[in-house]
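>>> sequence and computational prediction follow.
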Number of protein chains: 4
Amino acid sequence: MESKTSMVVRYQETDQMGIVHHSVYPIWFEAARTDFIAQAGLHYRDMEQAGVWLPLKSLTCRFIHGAKYEDVVTVTTKVTNLTPARVEFSYQVENQDGVLLATGSTLHGFTTPQLKPISLKKHFPQFWEVIEKAAGLTSQ
Amino acid sequence: MESKTSMVVRYQETDQMGIVHHSVYPIWFEAARTDFIAQAGLHYRDMEQAGVWLPLKSLTCRFIHGAKYEDVVTVTTKVTNLTPARVEFSYQVENQDGVLLATGSTLHGFTTPQLKPISLKKHFPQFWEVIEKAAGLTSQ
Amino acid sequence: MESKTSMVVRYQETDQMGIVHHSVYPIWFEAARTDFIAQAGLHYRDMEQAGVWLPLKSLTCRFIHGAKYEDVVTVTTKVTNLTPARVEFSYQVENQDGVLLATGSTLHGFTTPQLKPISLKKHFPQFWEVIEKAAGLTSQ
Amino acid sequence: MESKTSMVVRYQETDQMGIVHHSVYPIWFEAARTDFIAQAGLHYRDMEQAGVWLPLKSLTCRFIHGAKYEDVVTVTTKVTNLTPARVEFSYQVENQDGVLLATGSTLHGFTTPQLKPISLKKHFPQFWEVIEKAAGLTSQ
C-alpha cells in the first residue's frame, strides 16, 4: 500500500532563503505517516492509547528542490521494512507540478509507553496484522 | 465573507501536556488567513511578489479547550476591521465535535517589502477592492 | 523581580520576510518564563511533577521591530498580576542594540494535570510563597 | 576544531511522548553550526550577505535517548568532510549528565543566492581558508 497526503505549505514553514526550512520535512513525514496508518485502518492515536509507541530510531532526508509558500506538496508513503520489533517508512515529496522535492526514511521501534522494546506481532497481533498487510512486503 | 479551513492536528504540534502547544495557534491562524485570501480570489504569494506585505502589528489569542493529536480542527476566519493602512482578521477554532478551542485576532499593516507603510487603497486598488469586498464591512 | 534571558536567533526562526516569524515570540516568552521561575528558586519541571500545571488562558503580543538571524535577543520577564488562581507574566524583547522588538503577556491558570483549576496558595503554599515573593507585587 | 554549544530545552520542543520531538534535532544542529562558524571567526549571516549560501543536500540523525524539558543539552560540532563544492558537519548531542542523546550529520553545497553551485575555494578564498582551517582535516 502507498498513501498520498497533500498539504499546503505554510508561511511559517519558510525561512529567509525563501524556501521551506529543512526541519519541516520530518514533520511532513510524520503527518503523512499518521495518514498512512489511518488509511490502513488504524489510528496512531488509538495505538498509543493501547500502549504501543513508535519512537524514532533514525531519520534520513535528501533535499532535491526547495518548496515554496502556498505550494501544494504531496507525500507518498510506504513501508519499506517491517519486523516484529521495528518498522521503516519511506517518503517521497512532490509539489503540484510533479517536481520531486525530497525523499526520506524513518526507522521506528515498537515500544511500551516506558520506551521498552516489544514484539508488536506477539503483544499486539491486531495491530501487527493491519500493518503487515499495509506494508505489502511479500518476502517478510 | 467567512472562510473555513480544516487541518489535521500534527503530532509535532503537541507538547508534554498532551495537547497542542499554544504557539501553534498563530500558525493555524496564518494558514487560515492564506486560505481566506485565496477564497477571496487572490493569493498572498502574488501580493508579496507585487510588493505588498502584511507584517503583524499585534496578536491576541484566548485558549478555551485543548486540541489533541489527530483532531480535525476548523478555523473560521473573517475581516473585522479594514482601513487603507491596516487590516484585522479574527479567528475561531473548533474541533470535529464543534467544541470551541480558541479565538484570536491579528492586526496587520500594509507595507512595502522594506516595511514602509502604504495605503493599499491608493497604491494597489486591485487588491484593495478584493479585500474590501471579502471583508463585507458595510460601514467601512 | 525581573529576569533577563538571552538567546541567539536561530535560522529556523526566520521566515521568507527575512525576519523572525511572529509565532516564535510566544516560544521565547515561554523560555524566558522557565528562566524567571528558575531564578525565583523553583523549576517549572518540578512544579509539573508535583502536580501543578500552568496552561495558558490568553496571550497578547505587539510586534514593533523585526528580529534577524544571529541577533542576540534579551527577554525581560516579570509578574504583572497574581491571584491564588492565576498568574500573568509580561515580557519585553530587545536586541543587542537595545532596540525594542516586541512586548507581550501571558495569562495562566493554576490547574491539576487534569486541567482542573486549583488555588495555588491553598494547595501548594511552598510554590505560592516563592512566586508571590518573585512577583513583588506590593498591593497583592 | 570542535565547537560546543549548550541550550536549555524549551517546553515547546517537547511532544506528547514527554520528550523532545525528533524534528527539533536538525534545529539544534543548525544553531550549533552557526556557533561553529562563529567560533571559527566568521558569521554565517555575513557569508549569506556576501553571496554564499549553504543549502542542505542531506541530513541523517540517529536518536539514542530522549531529551527532557529543562535539560541542558550540548551539541559538539565538527567538519567531517570538505571539498571546494561542499561541506559535511557532524554532531553529537549530550545532556547535562553526559548521556548521549543523538548523533547526526548534514551535507551542504556552497551556492549562490540563486542556488547555483560554486567553488568556495575559487570564488570566496577568504571564507574557504577559515573553514578549511576550522575543519582541521589533514588529508584534505
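Now that the structure is in, tell me what you want to look at.
>>> how about the helices in chain A?
Taking DSSP state H to define them, one finds helices in chain A at A:24-40, A:44-50, A:120-123, A:125-135.
>>> so is stretch A:109-125 next to chain B?
No. Stretch A:109-125 stays clear of chain B (C-beta under 8 Å from any C-beta of the partner chain), getting no nearer than 12.0 Å. C-beta: built from backbone N, CA, C; applies to glycine.
>>> sorry, that was for stretch A:36-56
Yes. Counting by C-beta under 8 Å from any C-beta, contacts between stretch A:36-56 and chain B involve A:38, A:43, A:44, A:45.
>>> about what we covered before: among the helices of chain A, which comes closest to chain D?
The closest of these to chain D is helix A:24-40. By C-beta to the nearest C-beta, the value is 4.3 Å.
>>> which residues sit against that closest one?
Helix A:24-40 is contacted from outside by A:1, A:3, A:5, A:7, A:13, A:43-44, A:47, A:59, A:61, A:63, A:73, A:75-79, A:89, A:91, A:93, A:102, A:104, A:106, A:130-131, A:133-134, B:8, B:10-12, B:70, D:22-23, D:26, using C-beta atoms under 8 Å, 6 or more residues apart in numbering or on different chains.
>>> and those, which of them are buried?
Among the contacts of helix A:24-40, those buried by neighbour count (16 or more other C-beta atoms under 10 Å in any protein chain shown) are A:3, A:5, A:7, A:13, A:44, A:47, A:59, A:61, A:63, A:73, A:75-79, A:89, A:91, A:93, A:102, A:104, A:106, A:130-131, A:134, B:8, B:10-12, B:70, D:22-23, D:26.
>>> so where's chain A shaky on pLDDT?
Counting by pLDDT under 70, the low-confidence segments of chain A come to A:138-140.
>>> returning to that earlier point: which among the helices of chain A is found nearest to residue D:116?
Nearest of the helices of chain A to residue D:116, taken as C-beta to C-beta: helix A:24-40 at 22.5 Å.
>>> would you map the strands across chain A?
Ranges of strands in chain A, per DSSP state E, are A:3-8, A:56-63, A:72-82, A:86-94, A:100-109.
>>> interface residues of chain A facing chain C?
So far as C-beta under 8 Å from any C-beta goes, chain A lies against chain C at A:11, A:12, A:14, A:15, A:16, A:17, A:18, A:19, A:21, A:23, A:69.
>>> for the fifth one, what are phi and psi?
The main-chain torsion angles of residue A:16 are listed as degrees, to the nearest 10 and equal phi -70, psi 0.
>>> quick one: it from residue B:123, how far?
Distance, residue A:16 to residue B:123, using C-beta to C-beta, to the nearest Å: 25 Å.
>>> of these two, which one has the most company?
Neighbours were tallied for residue A:16 and for residue B:123 using other C-beta atoms under 10 Å in any protein chain shown; the higher tally belongs to residue A:16 (20 against 15).
>>> ok, that one - contacts?
C:11, C:14, C:15, C:16, C:17, C:18, C:19, C:69.
>>> between those residues, which is closest to residue B:118?
For the contacts of residue A:16, the closest approach to residue B:118 (C-beta to C-beta) belongs to residue C:17, at 15.6 Å.
>>> the closest one: neighbouring residues, count only.
Neighbour number of residue C:17 under other C-beta under 10 Å is 19.
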